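Enquirer: Structure, please.
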Amino acid sequence: MADPPLTETVKPKSLRLRLTLTYAFVFLLTGAALLAVNYGLMYNKLSTPPAADKVVVKEGVAVGNAPASGGDLVRLEAARTSAIALAIMTLLVVAASWVLAGRMLRPVRTLTATTRRISQDRLHLRIALAGPRNELKEMADTFDEMVARLEAAFASQRRFVGDVSHELRTPLAIVRTSAEVLLSKPETTTAQWRDMAGRVLIATGRAERLLDGLLALARSDSGAIVREPHDLAVAAAAALIAADDEAEAAQLSVTSDLSPAPVTGDPVLLDRLVRNLVDNAIRHNHHGGWIEVATSGGDDGAVVRVRNSGDTVPAADVDRLFQPFQRLRPDRTADGRSSGLGLAIVRSIVHAHRGTVAAQPLAGGGLQVVVTLPARDTPPAAAGD
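Expert: Below you'll find the predicted structure:
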């Protein structure tokens with residue numbers, strides 16, 4: 001097989017040189033045009049014969065006027081002087097243009113140098129261009145904002161990977177420890193094996209819920225979702241039925257007001273959204289507390305509202321609840337029912353459906369979460385309807 005042809009490295013042309021030559025060419029062209037007009041006017045003036053000029057007669061034939069004294073020499077000397085002056089001024093313009101272009105392009109060189117230094121481990125670098133507000137400063141500020149977003153995204157990714165590793169390590173450690181303890185005993189009973197099997201089932205169930213949550217989060221973040229008619233009221237009713245045993249075990253008072261809330265979106269993800277809201281309200285509640293679930297629809301969109309009693313939530317910590325594996329109490333990490341992804345999945349699904357989600361702590365403790373999604377797309381009426 002023949003070797004692929006080598007790609008020739010072409011050095012990019014200097015923008016500073018191009019600007020300098022452009023300025024010089026424009027000046028030279030303008031100066032030449034001005035000199036041509038000036039020379040033309042002077043030529044017409046010097047070519048006009050005075051009234052007292054004598055006619056030269058040779059052998060009885062008039063052959064013309066006598067030559068004007070010094071006219072041609074004056075024109076020639078003026079043209080030569082103008083050309084020299086234009087050449088000198090052009091050289092001066094080239095030098096001045098080179099300096100001015102360098103000053104104008106200095107922010108671009110700063111941006112280029114900073115960009116080359118930035119890497120995944122040095123996202124803290126910024127251009128921080130000083131000076132008046134102009135197009136170059138706006139470009140530099142926009143670049144700084146982009147790098148800041150990248151830095152936040154990389155930090156969030158690293159934190160997310162660390163949290164996932166920690167969450168998966170716990171159930172795997174339970175399974176491994178249970179097996180090692182049981183196998184280390186010289187004699188085991190059926191009851192001991194059944195006890196270990198129960199712990200293994202709980203641990204694997206926790207890992208399964210975590211993986212299901214990660215898959216749902218990845219699917220909604222990708223934006224590759226289907227668009228079908230769905231009703232959030234139906235999703236809320238199904239979520240309440242599925243969580244009925246858990247709510248009854250915690251002796252929670254559940255009330256609902258489910259009005260039609262038609263939307264267009266992914267039914268699987270929308271059901272997961274409402275189910276996560278209900279599960280979050282049940283699991284982060286007081287024993288014997290209450291839950292309220294309401295849905296409504298209108299021209300402004302479809303709304304699902306979930307309120308619950310519970311611990312007091314500081315207003316400053318509300319945004320943390322929508323981050324993966326962020327809990328207000330450290331002891332919730334050990335809760336086998338929660339994967340720590342509930343509200344993070346809710347936010348991702350809402351954004352994938354171009355909606356909004358807002359959380360507000362309640363005065364007596366607990367939380368209210370309101371999700372608003374665009375109303376269902378109404379197809380145009382058929383002709384003749």
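Enquirer: residue boundaries of the helices in the stretch 1-150 of the chain?
Expert: Listed in chain order, the helices of the stretch 1-150 of the chain (DSSP state H, counting those that start in this stretch) span residues 15-47, 71-104, 106-117, 135-184.
Enquirer: Turn those into TSV, including mean pLDDT.
Expert: Written out in TSV, the entries for these read as follows (pLDDT from 0 to 100):
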stretch	mean pLDDT
helix 15-47	72
helix 71-104	73
helix 106-117	76
helix 135-184	78
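Enquirer: right, so of those helices, which gets closest to Leu129?
Expert: The stretch from the helices of the stretch 1-150 of the chain with the least distance to Leu129 (CB to CB) is helix 135-184; that distance is 3.8 Å. Every residue, glycine included, has its C-beta placed from N, CA and C.
Enquirer: who does that closest one touch, helix- and strand-wise?
Expert: With contacts defined as 3 or more CB pairs under 8 Å, 6 or more residues apart in numbering; DSSP states H and E, the secondary structure elements packing on helix 135-184 are helix 106-117, helix 190-222.
Enquirer: chain center to the shortest one, what's the gap?
Expert: Using CA atoms, centre = their mean, to the nearest Å, the mean C-alpha position of helix 106-117 is found 22 Å from that of the whole chain.
Enquirer: contact partners of that helix?
Expert: Residues external to helix 106-117 that are found in contact with it (CB atoms under 8 Å, 6 or more residues apart in numbering): Leu15, Leu125, Arg126, Ile127, Leu129, Gly131, Leu136, Lys137, Met139, Ala140, Phe143.
Enquirer: residue contacts, the fifth one?
Expert: Okay, so that is Leu129. Each residue near Leu129 by CB under 8 Å, 6+ apart is listed here: Pro107, Thr110, Leu111, Leu136, Lys137, Ala140, Asp141.
Enquirer: Now it: closest residue in space, sequence neighbours ignored.
Expert: Nearest non-adjacent residue to Leu129, counting by CB to CB, 6 or more residues apart in numbering: Ala140, 3.8 Å away.
Enquirer: What values do phi and psi take at Gly301?
Expert: Dihedral pair for Gly301: phi 130, psi 180, per degrees, to the nearest 10.
Enquirer: Next, format the helices and strands packed on helix 135-184 as CSV and append distance to Val175 and mean neighbour count.
Expert: Supplementary listing: those in CSV, determined by distance: least, CB to CB, whole Å; neighbours: other CB atoms under 10 Å:
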stretch, distance to Val175, mean neighbour count
helix 106-117, 46, 13
helix 190-222, 5, 15
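Enquirer: mind putting the ones you listed in CSV, distance to Leu343 included?
Expert: CSV is the format used below for the helices and strands packed on helix 135-184 (distance: least, CB to CB, whole Å):
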stretch, distance to Leu343
helix 106-117, 37
helix 190-222, 11
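Enquirer: returning to what we had before: can you tell me which of the contacts of helix 106-117 lies nearest to Ser178?
Expert: Sorting those by how near they are to Ser178, with CB to CB, puts Leu125 at the top with 48.9 Å.
Enquirer: re the thing from before, and the contacts of Leu129, which two are the farthest apart?
Expert: Greatest spatial distance in the contacts of Leu129: Thr110 and Asp141, 12.7 Å, computed using CB to CB.
Enquirer: For the contacts of helix 106-117, which ChimeraX command selects only the ones that are buried?
Expert: With 16 or more other CB atoms under 10 Å as the burial test, the buried ones among the contacts of helix 106-117 are selected in ChimeraX as follows:
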select :126,127,129,136,140,143
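Enquirer: Mind putting the contacts of helix 106-117 into JSON lines with distance to Val371?
Expert: Supplementary listing: those in JSON lines, determined by distance: CB to CB, whole Å:
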{"residue": "Leu15", "distance to Val371": "51"}
{"residue": "Leu125", "distance to Val371": "39"}
{"residue": "Arg126", "distance to Val371": "36"}
{"residue": "Ile127", "distance to Val371": "39"}
{"residue": "Leu129", "distance to Val371": "41"}
{"residue": "Gly131", "distance to Val371": "45"}
{"residue": "Leu136", "distance to Val371": "43"}
{"residue": "Lys137", "distance to Val371": "40"}
{"residue": "Met139", "distance to Val371": "38"}
{"residue": "Ala140", "distance to Val371": "39"}
{"residue": "Phe143", "distance to Val371": "35"}
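Enquirer: Including distance to Ala344, could the helices of the stretch 1-150 of the chain go into TSV?
Expert: Written out in TSV, the entries for the helices of the stretch 1-150 of the chain read as follows (distance: least, CB to CB, whole Å):
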stretch	distance to Ala344
helix 15-47	46
helix 71-104	47
helix 106-117	32
helix 135-184	9
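Enquirer: Asn280 is nearest to which of those?
Expert: The closest approach between Asn280 and any of these, judged by CB to CB, belongs to helix 135-184 at 16.8 Å.
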